[in-house]
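Peer 1: starting from these lines, generate the structure:
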Amino acid sequence: LFACGVGVGLFFYGVGEPISHYTSPNRYTADRYMPDNMVAQDALNQTFYHWGFHPWVTYGIMGIVLAFVTFRKGLPMTMKSCFYPLIGDRIYGWMGNVIDIMSVITTVFGVCTSLGLGTMQLNAGLNYIFPSIEKNTLTQVLIIWIVMAVATVSVVSGVGVGVRRLSEICFGVGMFLLMATFFLDDSWFLLNLFCQTVGYYIQNFLGLGFRTDAFELVGIKSSLEGDRGRLYGVGEDGKVREDGLADGPQGWMDGWTIFYWGWWVSWSPFVGMFIAKISKGRTIKEFINGALTAPMIYSFLWLTIFGGSALRNEKYAAEQHTVERPFCCPADPEMLDWAGAYKADISKWDEVLVSGLKDTYNKKTGRYDADSVVECTKSTITMWGDKWLNGEENNLGNFEKFYKVDKNRYKMSMSEDNSIVRISCLKLDDQWFALMYTKGKLGTMLSVVSLFGIVLYFVTSADSGSLVIDIMAANGDQNPPRLQRVFWAMVEGATATALLIAGGKEALSAVQTASIVTGLPYTIIMSFLCVSLWRGLAMEFGDLNPYGADFSIGIIDPFATWDPKLWCNFAKYVFMTPLVLYKTNMRQGGQKTGSTMVAIAASVLWLSWITLHIVEIEVPGSYAIAWIFYIGFVTLVASFRSSVRAEYDINGNPLEDFFATLLVYPSVAIQLETVHKKQGLTTIVPQEPVANGNGATNGHVSGLVIENGNSAAHQV
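Peer 2: Take a look at the predicted model:
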């Protein structure tokens, strides 16, 4: 579960995310008057939010529904089966196929995001330990295909042999690194930090979950003079900032929370299926404890030990910073004017190199420490430049090659024995290994073990992802053909390669965007999945009668069935719904005058909706008034659907009535028109139970056993 779910991501972000929240522009660092310790606490708390309850509940919902419909209802373990309690046998039509296709595409890109992150970190680790291995796209592509070859062998071996054993080994490697860091670092500090941050997380849980950066997204700059400027718009130089960053960057949430949201959603079919596969025979209560509580606590331990160790090291390096021995951040090679230096007099090439650096740095990073970066870069050049200027080489080209090696460039960011490192100076994919090297003579060994662990987690994510995608593509077959498994492994490798090549220097942004793009549409599916879970458990518990009265058609039947007559009726009631309301009111005992007024009101609301959209051409803003009229029309129609349900004792609630009408009011009109007819109201006769066990449903939902039970394949 852990290896397939979050392993690669926790290696990549376990150190980098808390450090980024602590040092980069965001809603916490924007306030220069906030105590430094508070910023560090908020940084770790934000990381807890991104890796805690919220992602795991996404996996848990998917896993519960899959386990429920598979082990209690005897349906195939595939995504469309999750919607059986909601749309019944319609899952076997085009709608079910669309759900499965979207699930496959979403999972491919979700897995490829992890593969991209793992590849970049493997490349960074190899470069950190072996500087001769360059960090570039070619190296990363080679890493992808070497790892995918190993993953293919694993996935062909199956879950019981390849995937399972690899997961156990890489989990053991992760535990080794976890315990080693805990004992080699300040253990008492880490224990205190874990206790403190868990409490702080619980205290801020609701606020974090509902935080949307509403004011930051508006983009209004805080640059007023006076008291507000002093408190909210002041830069490091004491002057009012003109870019609004004092209130937090406008796009910060997009790069973190929104990315994670898309990533978790895109991984939910993948991880949810694995959780479901290992949950046969468990109660829902046991499922929640095993699939939500346990991995969340483990993630918190991981983030506290590695993230807390990194934060402590970062704070200590800042404290030790002096003019004589700075722990500072030099500029990246691409920010320096190498071409200008080659043309300049060799005695002035260091000045030429950093010319224009301040503007370039501010524009590229959005940070305000450009002056210190310029000075640090000059110090680095002075520290190492003599070797190339006054030595035998006397060659700027040799120094350029030397400076482009991360480990060499960051000499000013770390102590001679690497025990103190300004981790924030390093790139995100280097930061894990920088932390490992702070552990003294064991640093190299821990870095090598980390590389081994990342490779294993990488392989496990790839092979388990291939297997799950293959199962979904094979309509739930738990043992799909091996050649098909190889095909999906190759698809994953090719997709990850394309993302890295297309992204180039912005490869991280490319893999993050892939998750967001696929996660957005799948969020809609996840929302309906929650309704399906509620409805399925309500029927199992006895709160809903699956065999009771129902409308003659479902609201999606015009789209799910091949019935030209139904299509014609749907088209007719796009315009004639007010007439249906008139007839319905008359059938329910209403007076002719009252029924006429209802029809007129519905007609006025509907026509106003259409007319104001046309008026929008000449009067901007009319569309807003138009939708107010439409909401009024929907509310009126939904109220009639609610009254009809109550009259015939049909399952449902007013909220369902409203949203059904909001989305497809012509289908609701057909339901109202046909409900009074003899064939309009149907009572579904119970069918023979699906052969799937010998148990009976317990009386309490939390004690409901997933494995056994008797159920019929009803149409909801």
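Peer 1: pLDDT averaged over stretch 570-590, what's the number?
Peer 2: For stretch 570-590, the mean per-residue pLDDT is 93.
Peer 1: and that stretch, how far out from the chain middle?
Peer 2: 44 Å (C-alpha atoms, centre = their mean, to the nearest Å).
Peer 1: output it as CSV, restricted to C-alpha atoms.
Peer 2: Presented in CSV, the C-alpha positions along stretch 570-590 are these (Å, rounded to 0.1, in the frame of the first residue of the first chain):
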residue,chain,number,x,y,z
PHE,A,570,-36.5,14.8,-24.5
ALA,A,571,-36.2,17.3,-27.3
LYS,A,572,-40.0,18.2,-26.9
TYR,A,573,-39.7,18.8,-23.2
VAL,A,574,-36.8,21.2,-23.6
PHE,A,575,-39.6,23.7,-24.6
MET,A,576,-42.8,22.2,-23.1
THR,A,577,-41.8,21.6,-19.4
PRO,A,578,-44.3,24.4,-18.3
LEU,A,579,-47.1,22.3,-19.8
VAL,A,580,-46.0,19.3,-17.8
LEU,A,581,-46.1,21.4,-14.6
TYR,A,582,-49.7,22.4,-15.5
LYS,A,583,-50.8,18.8,-15.9
THR,A,584,-49.0,17.7,-12.8
ASN,A,585,-50.6,20.4,-10.7
MET,A,586,-54.0,19.5,-12.0
ARG,A,587,-53.5,15.7,-11.2
GLN,A,588,-52.5,16.6,-7.7
GLY,A,589,-55.9,18.3,-7.1
GLY,A,590,-54.9,21.9,-8.0
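Peer 1: give me the contacts around that stretch.
Peer 2: 558, 592, 594-596, 598-600, 602-603, 606, 636-637, 640, 643-644, 647, 665-670, 672-673, 676 (C-beta atoms under 8 Å, 6 or more residues apart in numbering). The way it works is simple: take the backbone N, C-alpha and C, and place the C-beta from them, glycine included.
Peer 1: enumerate every residue touching D42.
Peer 2: Contacts of D42 by C-beta under 8 Å, 6+ apart are 21, 28.
Peer 1: re the thing from before, filter the contacts of stretch 570-590 down to the buried ones, ChimeraX style.
Peer 2: Buried members of the contacts of stretch 570-590, defined by 16 or more other C-beta atoms under 10 Å, are picked up in ChimeraX with:
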select :558,595,598,599,602,603,606,636,637,640,644,665,666,667,668,669,670,672,673
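Peer 1: among the contacts of stretch 570-590, which are in strands?
Peer 2: Of the contacts of stretch 570-590, none are assigned to strands by DSSP state E.
Peer 1: in helices only, show me the contacts of stretch 570-590.
Peer 2: Judged by DSSP state H, the subset of these located in helices is 558, 592, 594-596, 598-600, 602-603, 606, 636-637, 640, 643-644, 647, 665-670, 672-673.
Peer 1: where does S464 land in three-state SS?
Peer 2: Three-state assignment for S464 (DSSP: H, G, I helix; E, B strand; the rest coil): helix.
Peer 1: what separation is there between R72 and P269?
Peer 2: Taking C-beta to C-beta, to the nearest Å as the measure, R72 and P269 are separated by 20 Å.
Peer 1: next one: I625
Peer 2: From I625 to P269 the distance is 41 Å (C-beta to C-beta).
Peer 1: quick one, which of the two is more surrounded?
Peer 2: P269 (28 against 16; other C-beta atoms under 10 Å).
Peer 1: so the more buried one makes contact with S103?
Peer 2: Yes - P269 lies in contact with S103 (C-beta atoms under 8 Å); the separation is 4.5 Å.
Peer 1: between these two, which contacts overlap?
Peer 2: Taking C-beta under 8 Å, 6+ apart as the contact definition, P269 and S103 share the neighbouring residues 79, 472.
Peer 1: mind listing what V352 touches?
Peer 2: 337, 340-341, 344.
Peer 1: is it in a helix, a strand, or coil?
Peer 2: Quick answer, by three-state DSSP: V352 is helix.
Peer 1: ditto for Q250
Peer 2: With three-state DSSP as the basis, Q250 sits in coil.
Peer 1: between the contacts of V352, which sits nearest K358?
Peer 2: Nearest to K358 among those: D337, at 12.2 Å, using C-beta to C-beta.
Peer 1: hmm, D359 and that closest one touching each other?
Peer 2: No - D337 lies out of contact with D359 (C-beta under 8 Å); the separation is 11.7 Å.
Peer 1: these two - which one has more neighbours?
Peer 2: Legend: neighbour count by other C-beta under 10 Å for D337 and D359, higher for D337 (18 against 11).
Peer 1: from C376, how far off is that one?
Peer 2: Counting by C-beta to C-beta, the gap from D337 to C376 is 17 Å.
Peer 1: same deal with L86?
Peer 2: From L86 to C376 the distance is 59 Å (C-beta to C-beta).
Peer 1: could you do Q431 as well?
Peer 2: According to C-beta to C-beta, Q431 stands 18 Å off from C376.
Peer 1: what about the two, which has more around it?
Peer 2: More crowded of Q431 and C376, by other C-beta under 10 Å: Q431, with 28 against 21.
Peer 1: and that one, what is it in contact with?
Peer 2: 15-16, 19, 310, 423.
Peer 1: want to throw those into JSON lines with neighbour count, pLDDT and distance to G621?
Peer 2: Formatted as JSON lines, those follow (neighbours: other C-beta atoms under 10 Å; pLDDT from 0 to 100; distance: C-beta to C-beta, whole Å):
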{"residue": "V15", "neighbour count": "28", "pLDDT": "94", "distance to G621": "50"}
{"residue": "G16", "neighbour count": "25", "pLDDT": "92", "distance to G621": "45"}
{"residue": "I19", "neighbour count": "27", "pLDDT": "94", "distance to G621": "46"}
{"residue": "A310", "neighbour count": "28", "pLDDT": "95", "distance to G621": "51"}
{"residue": "I423", "neighbour count": "27", "pLDDT": "90", "distance to G621": "51"}
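Peer 1: quick one: which of those residues sit in helices?
Peer 2: Counting by DSSP H, the contacts of Q431 contribute 15-16, 19, 310 to helices.
Peer 1: from these, which two are the most distant?
Peer 2: Those two in the ones in helices among the contacts of Q431 that are separated most widely, counting by C-beta to C-beta, are G16 and A310, at 8.3 Å.
Peer 1: follow-up on the earlier one: give me the buried subset of the contacts of V352.
Peer 2: Neighbour counting by 16+ other C-beta under 10 Å classes 337, 341, 344 among the contacts of V352 as buried.
Peer 1: as a check, name the ranges of all helices in the stretch 351-500 of the chain.
Peer 2: Remark: helices assigned in the stretch 351-500 of the chain by DSSP state H, counting those that start in this stretch are 357-365, 370-389, 396-403, 406-409, 431-436, 443-473, 482-503.
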